[in-house]
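Participant: Below: sequence and its predicted model.
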2 protein chains.
Amino acid sequence: MSASFTLSLDAMGGDNAPEIVVKGMELARVRYPHVRFLLFGDEKRIHPLLSGNAATAACCEVRHTDEVVTADAKPSQVLRSGRQTSMWKAIDAVKSGDAAGVVSAGNTGALMAMAKLIMRTLPGIARPAICAMVPTRVGETALLDLGANAQCDARNLVEFAIMGECFARAMLGLDRPSVGLLNIGSEDLKGTDVLRDAAAQLRSAALDMEFHGFVEGDDITKGTVDVVVTDGFTGNIALKTAEGTAKLYTEFLRNAIKSSLLAQFGMLFAKPVISQVMARTDPRRYNGALFVGLNGVVVKSHGGTDPVGFANAIGVAVDMVARDLNRRIGAELDRVAPQSASEPVTPARTAAASE
Amino acid sequence: MSASFTLSLDAMGGDNAPEIVVKGMELARVRYPHVRFLLFGDEKRIHPLLSGNAATAACCEVRHTDEVVTADAKPSQVLRSGRQTSMWKAIDAVKSGDAAGVVSAGNTGALMAMAKLIMRTLPGIARPAICAMVPTRVGETALLDLGANAQCDARNLVEFAIMGECFARAMLGLDRPSVGLLNIGSEDLKGTDVLRDAAAQLRSAALDMEFHGFVEGDDITKGTVDVVVTDGFTGNIALKTAEGTAKLYTEFLRNAIKSSLLAQFGMLFAKPVISQVMARTDPRRYNGALFVGLNGVVVKSHGGTDPVGFANAIGVAVDMVARDLNRRIGAELDRVAPQSASEPVTPARTAAASE
């Protein structure tokens, strides 16, 4: 039923590349038989991983690259001298039309910088953002920006809201996802000028958005809205704080149970439902952050994930290609950009938008 | 052994005032027999709560007030017309010397605005901050600012670091608490100019601080440092996101166990250790945020807490008075302020400091 397409994979990105990339591809191949893969990386290391598995070898093509973007490489440095890296070649395959999207578990800053340079941003988008789904008490919520832009102006936040709305439509199948702007209070007067300005724009009738208003940190996991919009500094810290808190609970629970024989006995019975909770909040399940706002699908996998997590990141790319996310974002922006552009522009906004 | 002193309580602040305030005081009275209380509020509502308990009635004095600061009152409004409220009178009792510190579960913005006006900030401190302890995998960490200052300059962050260090010394009994600056990466180049500027100041030899450098969101619960410093916007969102994530886990776990009879049977054995985990992360245990940087001890209790939580907030005030936190902060600032003040001051920094 689904049209077939190709995804390019940066085989050398991440803590345990290329092993987890190839194993993740192997899991994804079964789930998405209509997808083919282009693997960019060191063929001497990739071919042995494929040799034992004819079906996996048959679903992909390996293109050799000699160089790798290291985890500590600076974006400016890879832009100058990274053209022979597996990451660059994998992104470039989307630009050239050989692939419909790219997945990498490598250096986030380098991936974003290269993707911006090679693919360019969508017309009308000043800055791409990083977007991902997070678990909530009632389902899932899209959260962006997760770290691409440490400082944002109101126009950036409005663009993030539109892109997040399109992402939630595609991922959650909602007609009118609700959108909230992250703030330190839900009252209209709270927060910074940038937030109040963004809220005013998001409320405008022309945008026709299901804008809920300001939401607070605990609204993320409450699932108060389908899309939570914030700048990349706050979003990154919120995401990592949530991850840290989840680990704190898991570890406290594990240590407490280990410390008691009686509890260990009890857990024999409780284990199935505990595993169910763990599965529902498993970070691997939410692996795969989308770079929204680019002329192409770019998905970033967590660098330390395992094959299951990497396969899920591939799944995000598959969904975004299949649902034609970028064309949808483009269509939404056509509707709103002229209206927003005619509004008075503050100096700060101009400066940021011209980057 | 401990010298006796008096704390003033805003009996009308919080969701279930004055009941939880009086009941919290009753719990605190047993724990801190050397402390007396001044209760400000509606005597017609407070006296009946005391009538059944001679020992509690004997540890406090009630001073009648007619007015109450509502949860949605604007700070500017209460500064103009709030002088007859229980909150104002409770703070004023510290200024007049009738009490050594004040505890309120009322409106945070109003409490901070009134406390700043009545008590003034400590010499050398541009802006007070809100500071509290949070649970970590290895113990507890002080986190500030939790919401007093949505935007901060480098000098504000340096002052927060010094105050947080003093708070951690007093609360955790550490000689040289380690301090981290919250950022979206631990590399020196990450984040905003303000953060890089603050980091440079915190590294200066003259400050003689155990400065760890930048930390990320997940370092808060890892307990990487004893004090995590950030602006009030980020700190508020980090704290509420952590609270939300904790609730998500608790709720998922509770629902999963409810759904299975086998799990319920198992939990009979595991319950003692699960309760232990819950106790270790109980929000009531961490109730009581200190307003640091004022000429007096002001502790804010969560508005929706119960008597156990309110008693813990009283406990924070007791500790701060007993350990003479403000004199300690004053002494630390005497040491560092001249050095910092002689540094070049950017226009943005001057503007913020002049508020």
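Facilitator: Now that the structure is in, tell me what you want to look at. Residues are numbered from 1 along each chain as shown, chains lettered A, B, ... in the order given.
Participant: which residue is nearest the centroid of chain A?
Facilitator: Nearest to the geometric centre of chain A sits A:Ala289, at 1.4 Å (CA atoms, centre = their mean).
Participant: which residues sit in contact with that residue?
Facilitator: By CB atoms under 8 Å, 6 or more residues apart in numbering or on different chains, A:Ala289 lies in contact with A:130-132, A:146, A:299-300, A:316. Just so you know, the C-beta spots here come from the backbone N, C-alpha and C atoms, and that holds for glycine as well.
Participant: which residues of chain A fall in helices?
Facilitator: Assigned by DSSP state H, chain A shows helices spanning A:19-31, A:43-51, A:54-58, A:75-81, A:86-95, A:108-119, A:154-172, A:193-203, A:217-222, A:232-258, A:261-280, A:307-322, A:325-341, A:347-353.
Participant: Can you select the buried ones among the contacts of A:Ala289 for me in PyMOL?
Facilitator: Buried residues within the contacts of A:Ala289, by 16 or more other CB atoms under 10 Å in any protein chain shown, are selected in PyMOL with:
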select buried, chain A and resi 130+131+132+146+299+300+316
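Participant: Can you tell me which residues in the stretch 101-250 of chain A are near chain B?
Facilitator: Taking CB under 8 Å from any CB of the partner chain as the measure of proximity, the stretch 101-250 of chain A contacts chain B at A:135-137, A:147, A:150-151, A:182, A:184, A:187, A:189-192, A:216-222, A:230, A:232-234, A:236-249.
Participant: from these, which would you call buried?
Facilitator: Applying 16+ other CB under 10 Å to these, the neighbour count classes A:135-136, A:147, A:150, A:182, A:184, A:190-191, A:216-222, A:230, A:232-234, A:236-246, A:248-249 as buried.
Participant: Domain ranges for chain A, per the record?
Facilitator: A:5-119+A:292-323, A:129-281+A:333-353 (automatic domain parsing).
Participant: hang on, the earlier thing: can you list the contacts of A:Ala289 in CSV and add pLDDT?
Facilitator: Converted to CSV, the contacts of A:Ala289 look like this (pLDDT from 0 to 100):
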residue, pLDDT
A:Ile130, 97
A:Cys131, 96
A:Ala132, 94
A:Leu146, 96
A:Val299, 97
A:Lys300, 97
A:Val316, 95
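Participant: Among the contacts of A:Ala289, which ones are in strands?
Facilitator: Using DSSP state E, the subset of the contacts of A:Ala289 located in strands is A:130-132, A:299-300.
Participant: Tell me the one of those nearest chain B?
Facilitator: Chain B lies nearest to A:Ile130 out of these, by CB to the nearest CB, at 11.0 Å.
Participant: Contact partners for the closest one?
Facilitator: With CB under 8 Å, 6+ apart, A:Ile130 has these contacts: A:108, A:112, A:144-148, A:232, A:235, A:289-292, A:300.
Participant: A:Asp334 too?
Facilitator: Each residue near A:Asp334 by CB under 8 Å, 6+ apart is listed here: A:Gly124.
Participant: Tell me how far it lies from A:Gly124.
Facilitator: As judged by CB to CB, to the nearest Å, A:Asp334 and A:Gly124 stand 8 Å apart.
Participant: Then A:Ala199?
Facilitator: 20 Å.
Participant: more neighbours, those two?
Facilitator: Shown here are A:Ala199 and A:Gly124; by other CB atoms under 10 Å in any protein chain shown, A:Ala199 has more neighbours (22 against 18).
Participant: That one against A:Met209, yeah?
Facilitator: No: look at A:Ala199 against A:Met209 with CB atoms under 8 Å: they stay out of range, at 11.2 Å.
Participant: Sketch out the low-pLDDT regions of the stretch 251-355 of chain A for me.
Facilitator: Scanning the stretch 251-355 of chain A with the threshold set as pLDDT under 70 gives A:335-355.
Participant: Near chain B, which residues of it are found?
Facilitator: With the criterion set to CB under 8 Å from any CB, the stretch 251-355 of chain A comes near chain B through A:251-253, A:256-257, A:259-260, A:262-263, A:265-274, A:276-277, A:280-281.
Participant: Could I get the contacting residues of the residue lying closest to A:Val215 once chain neighbours are set aside?
Facilitator: If the residues on either side of it in the chain are set aside, A:Val215 comes closest to A:Gly180, at 3.5 Å by CB to CB, 6 or more residues apart in numbering or on different chains. For A:Gly180, the contact set (CB under 8 Å, 6+ apart) comprises A:211-215, A:219, A:224-225, A:227-229.
Participant: Buried ones among these?
Facilitator: Counted by 16+ other CB under 10 Å, the contacts of A:Gly180 give A:211-215, A:219, A:224-225, A:227-229 as buried.
Participant: Nearest to chain B, out of the residues you listed: which one, please.
Facilitator: Using CB to the nearest CB, the shortest approach to chain B within those belongs to A:Asp219, at 7.2 Å.
Participant: so that closest one touches A:Val227, yeah?
Facilitator: No: counting by CB under 8 Å, A:Asp219 stays clear of A:Val227, with 11.5 Å between them.
Participant: Distance check, A:Ala71 against chain B.
Facilitator: Noted for A:Ala71: a distance of 11 Å to chain B, by CB to the nearest CB, to the nearest Å.
Participant: How about that residue, nearest residue that isn't a chain neighbour?
Facilitator: Spatial nearest neighbour of A:Ala71, chain neighbours left out: A:Asn107 (5.5 Å); criterion: CB to CB, 6+ apart.
Participant: Report the separation between the one you found and chain B.
Facilitator: Using CB to the nearest CB, A:Asn107 is found at 11 Å from chain B.
Participant: which ones are touching A:Ala99?
Facilitator: The contact partners of A:Ala99, taken as CB under 8 Å, 6+ apart, are A:5-8, A:38, A:90, A:93.
Participant: picking that back up, so of the buried ones among the contacts of A:Gly180, which ones are in strands?
Facilitator: Counting by DSSP E, the buried ones among the contacts of A:Gly180 contribute A:211-215, A:227-229 to strands.
Participant: which one of those residues is nearest A:Ile329?
Facilitator: Taking CB to CB as the measure, A:Val227 is the one of these closest to A:Ile329, at 13.1 Å.
Participant: could I get the contacts of A:Ala99 as CSV with neighbour count and pLDDT?
Facilitator: Listed next are these as CSV, based on neighbours: other CB atoms under 10 Å in any protein chain shown; pLDDT from 0 to 100:
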residue, neighbour count, pLDDT
A:Phe5, 16, 96
A:Thr6, 19, 97
A:Leu7, 27, 98
A:Ser8, 27, 98
A:Leu38, 20, 98
A:Ala90, 31, 98
A:Ala93, 23, 98
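Participant: can you name the two of those residues that are farthest apart?
Facilitator: Taking CB to CB as the measure, the contacts of A:Ala99 span a maximum distance of 15.0 Å, between A:Phe5 and A:Ala90.
Participant: Now do the contacts for A:Ala129.
Facilitator: Contacts of A:Ala129 by CB under 8 Å, 6+ apart are A:144-146, A:148-149, A:156, A:159-160, A:163, A:232, A:291-293.
Participant: so which of these is the most crowded?
Facilitator: Compared across the contacts of A:Ala129, A:Phe160 has the highest neighbour count, 34 neighbours, by other CB under 10 Å.
Participant: Do I have it right that that residue meets A:Ala148?
Facilitator: No: between A:Phe160 and A:Ala148 there is no contact under CB under 8 Å: 9.7 Å.
Participant: Give the phi and psi angles for A:Tyr32, as a check.
Facilitator: When read as degrees, to the nearest 10, the backbone of A:Tyr32 gives phi -130, psi 70.
Participant: That one: how many residues sit nearby?
Facilitator: If you count neighbours by other CB under 10 Å, A:Tyr32 ends up with 22.
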